[in-house]
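Participant: Build me a structure from this.
(one chain, ligands or ions: 2)
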Amino acid sequence: MNLSAPSHIANYIGGNLQAPINGNYMDNMNPATGEIYSQTPDSDGADVEAAVVAAKAAFPKWSTTTLEERFKILNRIAELIDQNLDALALAETNDNGKPLWLSKRVDIPRASSNFRFFATGIMHFSTESHNMEDKAINYTLRQPIGVVGCISPWNLPLYLFTWKIAPALAAGNCVVSKPSEVTPMSAYLLSIICKEAGLPDGVLNIIHGGGPKCGAAIVAHPQIKAISFTGSTRAGKDIAAVAAPMFKKISLELGGKNPNIIFADCNWDKMMATSVQSSFSNQGQICLCGSRILVEESIYEKFKEEFIARAKKLTVGDPLQDSSKQGAIVSKLHYDKVLGCIELAKQEGGKILLGGNAVKGEGRCENGMFIKPTIIEGLGPNCRTNMEEIFGPVVTLQSFKTEEEALELANTSDYGLAATIWTQDVSRANRVAGKVHSGIIWVNCWLLRDLRTPFGGFKSSGVGREGGWDALRFFTEPKNVCIEL
Ligand SMILES: NC(=O)c1ccc[n+]([C@@H]2O[C@H](COP(=O)([O-])OP(=O)(O)OC[C@H]3O[C@@H](n4cnc5c(N)ncnc54)[C@H](O)[C@@H]3O)[C@@H](O)[C@H]2O)c1
Ligand SMILES: O=C/C=C/C=C(\O)C(=O)O
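Facilitator: Numbers count the residues shown, from 1 in each chain. Ligands and ions are numbered 1, 2, ... in the order given. Okay, here's the model as predicted:
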């Protein structure tokens, strides 16, 4: 298998690797060097239509393939991802700018885990039955929906793409999918892996293109009956507006502005080390990053001093070097956006304690898009800096006096994806966890993921949950059968 980056990425439709029907391409840039290193299809509705035709044709057979056979193929995909770890990690880093060690340690292993998890999960998936004493028996079938759409973002490209397509395929659906046009390469390489693994033609179709043209055509296609989307709240709104009147099932995993709540009785060393990670991992471009750090007043100054000292040590630079703890920001557009948010924070009266500026790369990275880890204090909960998602290496510090105040600050947000709580008091941990308006709460840890748990957010962070049975239920249609005895 040749898993090196091609000059022109191809769509994967009906088992064929093919050029976009309109012949148009977009530049694909390596954000660490600024170099345009490949071309991505600028696909449109015609490619989506071809993919739907292929998916529909594949559905009768795939949906009735035995669970064990589906397991074998999906598990084989997981094995091939593992065997090609180095090539996939390099592709991810060149597309996204994240450190290569991070792609190798987290992104690619998690992509194979996603396939392995749902390959085995479908073998254990069972449905309910309800006995009405001696009157009747109800049992519920959960049947695959048909053709479903999966659309994913650029921050954890293969990790989030596989998090959707693996359960969709395991449940017996055929998929029309679109990775982010900003980071298409690892999904393209996955199409080669799927062919090698023996996934039947048309079961998975991967189309490359932009959101408004290609993504929107997937969402609007009448034959695509469910949409699983991860990305911005803005795009999630547009998708819901189109999908809702068509009565499509939708799962929307959107933005976050997550509080990291630190009480004075925390395990200090663990909290410090983890807070640096939860603030700046992947250049802060993880929807679960704790971007609003709330610290109990009695330890605020001590926290500030040590947090700055530790963040200062995060070397920013060439993502191919192991010494780089921070890589590049994903694109010029996003780099400009993050720098703009830092300017806004200053205008709002924020004091920059660390960073606040771009960093010039060295050698091959001199035209790369790097931003220094940035720490801001002095802003209240209601300003734009503390209300809007920045999605970069930028955090704010606020202090609180009481548990009630901590909760009020934490819940002053339109978002409700994740929250982290640091305390050694288990009663308080439980109390605060119950009152924070977020779908995912970590106590004394961060990003510790059990793939069986419901994953998703409250409020503007989305609707629905991914993970475990939730994902398999989303990708199936329940049908209750009532038999009178
Ligand atoms: N909740 C989560 O699990 C989660 C995970 C990762 C990222 N995110 C969020 O994603 C955002 C960053 O990713 P992004 O900039 O790629 O997001 P984005 O919304 O711009 O794009 C996400 C994907 O949707 C496509 N798209 C854009 N507009 C569309 C439309 N109208 N119809 C159909 N498809 C469309 C894009 O091409 C891309 O593939 C952040 O807001 C982040 O919080 C959320
Ligand atoms: O940026 C968002 C991170 C999402 C993470 C997951 O979906 C996961 O860990 O399953």
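Participant: What's opposite Tyr25 in the beta bridge?
Facilitator: Here Tyr25 sits in beta bridges with Pro41, going by DSSP bridges.
Participant: Distance of it relative to ligand 2?
Facilitator: Applying CB to the nearest ligand atom, to the nearest Å, the value for Tyr25 to ligand 2 is 27 Å. From N, CA and C alone the C-beta is placed, and that goes for glycine too.
Participant: Let me see the contact set for that residue.
Facilitator: Counting by CB atoms under 8 Å, 6 or more residues apart in numbering, Tyr25 touches 8, 39-42.
Participant: Widest-spaced pair of the residues you listed?
Facilitator: His8 and Asp42 (11.6 Å; CB to CB).
Participant: Those two: which is more packed in?
Facilitator: Per other CB atoms under 10 Å, whichever of His8 and Asp42 has more neighbours is Asp42, with 18 against 13.
Participant: Show me which residues of the stretch 301-450 of the chain sit near ligand 1.
Facilitator: Listed as neighbours of ligand 1 in the stretch 301-450 of the chain under the rule CB under 6 Å from any ligand atom: 389, 391, 417.
Participant: between the residues you listed, which is closest to Leu169?
Facilitator: Leu417 (25.8 Å).
Participant: Around the closest one, count how many other residues there are.
Facilitator: Counted with other CB under 10 Å, the neighbours of Leu417 add up to 26.
Participant: pretty sure it is touching Leu288, no?
Facilitator: Yes: between Leu417 and Leu288 there is a contact under CB atoms under 8 Å: 6.7 Å.
Participant: so what's in contact with these two at the same time?
Facilitator: 256, 258, 440.
Participant: Tell me how many other residues surround the second one.
Facilitator: Same thing as Asn258. Asn258 has 31 neighbours, counted by other CB under 10 Å.
Participant: Show the contacting residues for it.
Facilitator: By CB under 8 Å, 6+ apart, the neighbours of Asn258 are 288-292, 415, 417-420, 438.
Participant: what's the answer for Asn96, then?
Facilitator: 31, 103, 154-155, 157, 182-183, 327, 330.
Participant: can you tell me which two in those are farthest apart?
Facilitator: Checking these with CB to CB, the most distant pair is Ser103 and Val182, at 15.4 Å.
Participant: Excluding covalently adjacent residues, which one is nearest to Asp201?
Facilitator: Gly15 (2.8 Å; CB to CB, 6 or more residues apart in numbering).
Participant: That neighbour contacts Gly198, correct?
Facilitator: No: when contacts are counted by CB under 8 Å, Gly15 is not listed as touching Gly198 (10.7 Å).
Participant: neighbour count winner among these two?
Facilitator: Gly15 (18 against 11).
Participant: contacting residues for that one?
Facilitator: 54, 195, 200-202.
Participant: now, among those residues, which is nearest to Leu448?
Facilitator: After measuring the contacts of Gly15 against Leu448 - CB to CB - the closest member comes out as Lys195, at 34.7 Å.
Participant: Can you verify the closest one is assigned to a strand?
Facilitator: No: remark: Lys195 does not belong to a strand; assigned using DSSP: H, G, I helix; E, B strand; the rest coil, it is helix.
Participant: Find the nearest non-adjacent residue to it, please.
Facilitator: Using CB to CB, 6+ apart, the closest residue to Lys195 is Gly15 (6.7 Å).
Participant: Report the contact partners of the closest residue to ligand 2 within the chain.
Facilitator: Nearest to ligand 2 in the chain, going by CB to the nearest ligand atom, is Cys287, at a distance of 3.4 Å. By CB under 8 Å, 6+ apart, Cys287 lies in contact with 155, 230, 253-256, 391, 417-418, 461.
Participant: Run through the residues you listed and flag the ones next to ligand 2.
Facilitator: Answer for the contacts of Cys287 near ligand 2 (CB under 6 Å from any ligand atom): Asn155.
Participant: Please tell me I have it right and Glu68 contacts Met123.
Facilitator: Yes: contact criterion CB under 8 Å: Glu68 and Met123 qualify, at 6.9 Å.
Participant: Run through the residues that contact whichever residue of the stretch 1-150 of the chain sits closest to ligand 1.
Facilitator: Closest residue of the stretch 1-150 of the chain to ligand 1, CB to the nearest ligand atom: Gly149 (8.7 Å). Contact partners of Gly149, counting by CB under 8 Å, 6+ apart, are 175-178, 218-219, 221, 224, 226-228.
Participant: Checking my notes, it in a helix, right?
Facilitator: No: secondary structure of Gly149 (three-state DSSP): strand, not part of a helix.
Participant: I'd like to know how far it sits from Phe59.
Facilitator: Distance from Gly149 to Phe59, counting by CB to CB, to the nearest Å: 14 Å.
Participant: how long is stretch 172-185 end to end?
Facilitator: From its first residue to its last, stretch 172-185 covers 26 Å (CA to CA, to the nearest Å).
Participant: Is that stretch positioned near ligand 2?
Facilitator: No: figure legend: stretch 172-185 not in contact with ligand 2 (CB under 6 Å from any ligand atom); closest approach 11.8 Å.
Participant: any idea of the mean pLDDT for that stretch?
Facilitator: If you average the pLDDT over stretch 172-185, you get 98.
Participant: Stretch 305-325 too?
Facilitator: Averaging pLDDT along stretch 305-325 yields 98.
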